[in-house]
Each structure stands twice: as C-alpha cells, then as structure tokens.
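Asks: Next input, structure requested:
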Amino acid sequence: MKTIAVLTDLTAKGEHAAFYALHLAQHLHANILLYNAFTVPSADPMAAQIAWPMEDFDELQNDTENELNLLVKKLEVELTASPAYAFKPVIDCRCHDGALNLHLDELLNNRDIVMLVIGSHKKGLSAWLMGNHMRSVIDNVTVPVLMVPENCSFKSIHKITFPTDLMPADIDLVHAVAHLAKPFGASLLLAHICPASEEAQIPVKKFLEEVTNKIDYAHIYYRNVCDADLHDGLNWLANQAAADLLVMVHRNKGWLDQLLNRSNTLKVAEQISIPLLVFPYPVPKLPVF
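Replies: Numbers count the residues shown, from 1 in each chain. Below you'll find the model as predicted:
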C-alpha cells in the first residue's frame with residue numbers, strides 16, 4: 001500500500017512534520033513510516049582513534065527506537081480523535097545508524113513510498129534548502145519531498161500553486177499533482193513567471209492545450225506572473241496567492257538551482273510559511289497519490 005515516509009530527527013519540528021504527514025495520509029489513504037538515521041560517535045572522523053564500545057551503539061539504537069515508538073503512540077492517539085469513517089493509516093517506524101544520505105537508496109527500495117516528509121528549520125525553508133543535509137536529500141531521491149514549516153498546522157488543502165517553466169516534461173508532473181489535489185477537491189494554479197510579452201504567450205498556449213488534452217481534472221487554472229525576477233515572482237506566489245501548498249521541480253540549472261544560487265533569495269525562502277513539495281527531475285516513476 002502507498003506509504004508516506006517521514007524523515008524525523010526526533011525534535012519538535014520533526015514531530016510537527018509527522019503530525020502534518022499523518023493528516024495528509026488520511027486524505028490520501030496512505031500508511032506512515034517514521035524513519036530516523038542516528039549518528040554513532042565512532043562514525044565521526046575525529047573519533048577514528050577511539051575504540052567505542054558496542055554498548056554505546058546498542059544504547060543509541062535502543063534510545064532511538066524508544067523515541068520512535070513513543071512518536072508512533074502519539075500519532076495513534078491523534079487518530080482516535082478522527083471520525084469513525086475516516087481512514088486510519090498503519091504507522092510503522094525504522095532507524096539506521098549513519099548519515100541519512102547513505103540509507104536513502106535502501107529506504108526508497110520500498111516502491112510503496114510515494115513521498116518523503118521532513119520538517120523545515122525554524123529559521124525558514126532556506127536553512128534546509130541551503131544546508132548540505134537537505135541538498136543531499138533533494139539531489140538523491142526519486143520521489144517528491146514535502147518540507148513542512150514548523151508553525152504550519154494541517155488544514156484541508158484548497159489551493160495548490162505550481163510554478164512551471166512550461167517544459168513538456170511538466171505535463172506529467174501536473175498530472176501527478178492533480179492526483180494529489182483530487183481528494184481535497186483543491187484548485188491547481190499553474191503559474192509561469194516571465195516578463196509580459198506576446199512571445200511569452202506562445203509556449204503558454206501550447207502548454208495549456210496539452211494540459212487540457214491529457215489531464216482530466218476540472219479545477220486547473222493558469223496565471224501569468226509578470227515579473228522578470230524569479231525570486232520576486234516566487235515570493236508573490238508563496239505569500240500572496242493564498243495557496244496551501246507550493247510545488248516546485250528540482251532541475252539542474254533550473255528553477256530551484258537558480259533560487260539556491262542567488263544570494264538575495266534567503267529572505268524569500270525564509271518568508272515561505274506554507275509547505276513546499278519538491279519533485280526531483282527526472283522522476284523514474286511518477287507517484288500516484
């Protein structure tokens with residue numbers, strides 16, 4: 001059965017992301033897997049000359065498993081407040097020692113996983129996006145990654161905004177996002193950030209014709225955001241478009257890389273207060289939400 005994997009560091013923000021994922025899973029009829037990669041002291045390069053006892057590893061693993069099981073119980077208690085007819089996800093947990101990026105392939109060998117969820121730093125999404133940890137996740141996954149801001153509580157998703165650069169490959173991604181929107185009956189706003197010009201409208205018309213012909217979802221809309229500056233346009237979409245979810249595609253030298261490589265984008269990223277769903281590109285297999 002399809003599964004949402006929550007990459008938790010067992011902090012307050014990790015727990016918050018797990019609760020968000022739980023409510024999302026109820027709407028998508030998906031199970032939950034809580035996952036933590038803990039660091040063994042002996043794995044630190046500075047500890048190479050020290051013989052760490054096996055008891056330290058066992059203690060770390062036991063502590064991690066206990067904390068994960070405690071979080072499972074908290075989520076199960078949360079489910080008791082749901083109506084009797086509501087879907088109740090099965091909640092499982094797993095942990096491994098070592099850096100998270102070393103275990104991503106093994107984790108994603110579970111083909112039921114359709115999404116990874118992770119809590120964003122209290123200072124804003126930029127703290128994750130600019131950090132080596134988050135970049136290693138985004139660069140190496142084959143499924144979408146949902147980053148949940150620390151103070152963002154789950155509510156029914158009414159509007160999803162998807163900035164697109166009108167590439168033909170985006171059609172399939174729009175299809176996948178439409179599947180995500182359907183259980184909520186949410187509107188899907190496709191937006192293209194560009195200078196206002198007649199030339200810019202030509203690829204828009206072709207793209208929207210393809211969307212209409214290939215995607216059977218009535219609540220898809222389009223808006224041209226007239227702004228030559230990418231981060232200003234994205235800032236408007238994230239904060240003024242009244243969306244509940246922002247979707248982006250991670251391409252090399254694409255939208256997200258432009259955003260990451262610009263020094264003046266930290267302010268924009270830190271102002272994002274809604275969840276951000278990042279699709280890898282290319283996607284070996286599009287998720288069916």
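
Asks: List the buried residues for stretch 74-85?
Replies: Neighbour counts using 16 or more other C-beta atoms under 10 Å place L75 of stretch 74-85 among the buried residues. Heads up, the C-betas are built off the backbone N, CA and C, glycines and all.

Asks: can you list contacts of it?
Replies: 15, 18-19, 22, 26, 32, 88-89, 91 (C-beta atoms under 8 Å, 6 or more residues apart in numbering).

Asks: count of neighbours near N224?
Replies: For N224, the count of nearby residues is 15 (other C-beta atoms under 10 Å).

Asks: And for V204, the neighbour number?
Replies: Number of residues near V204 (other C-beta under 10 Å) recorded here: 16.

Asks: could you pull out the helices for the stretch 101-250 of the chain?
Replies: For the stretch 101-250 of the chain, applying DSSP state H, counting those that start in this stretch gives helices covering 104-108, 125-129, 132-140, 170-181, 198-214, 230-240.

Asks: export those to a markdown table and tack on mean pLDDT?
Replies: Formatted as a markdown table, the helices of the stretch 101-250 of the chain follow (pLDDT from 0 to 100):
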| stretch | mean pLDDT |
| --- | --- |
| helix 104-108 | 87 |
| helix 125-129 | 51 |
| helix 132-140 | 69 |
| helix 170-181 | 96 |
| helix 198-214 | 83 |
| helix 230-240 | 75 |
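
Asks: winner for burial among the ones you listed?
Replies: Mean neighbour count (mean count of other C-beta atoms under 10 Å) peaks for helix 125-129 among the helices of the stretch 101-250 of the chain, with a mean of 22.

Asks: Would you mind giving the helices of the stretch 101-250 of the chain as JSON lines with distance to R251 added?
Replies: Output for those, formatted as JSON lines (distance: least, C-beta to C-beta, whole Å):
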{"stretch": "helix 104-108", "distance to R251": "19"}
{"stretch": "helix 125-129", "distance to R251": "15"}
{"stretch": "helix 132-140", "distance to R251": "11"}
{"stretch": "helix 170-181", "distance to R251": "10"}
{"stretch": "helix 198-214", "distance to R251": "16"}
{"stretch": "helix 230-240", "distance to R251": "13"}
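
Asks: where are the low-confidence patches of the chain?
Replies: Along the chain, segments meeting pLDDT under 70 span 39-55, 121-135, 195-202, 227-229, 252-271.

Asks: Quick check, central residue of it?
Replies: Most central in the chain under C-alpha atoms, centre = their mean is L146, positioned 1.2 Å from the mean C-alpha point.

Asks: Report the beta-bridge partners for that residue.
Replies: With DSSP bridges as the criterion, L146 is bridged to V117, L277.

Asks: and it, what is it in contact with?
Replies: The contact partners of L146, taken as C-beta under 8 Å, 6+ apart, are 21, 24, 115-118, 275-278.

Asks: any idea how far K74 lies from N109?
Replies: 28 Å (C-beta to C-beta, to the nearest Å).

Asks: A243 now?
Replies: 33 Å.

Asks: my guess is A186 meets K155, correct?
Replies: No - using C-beta atoms under 8 Å, A186 is not in contact with K155; the gap is 11.3 Å.
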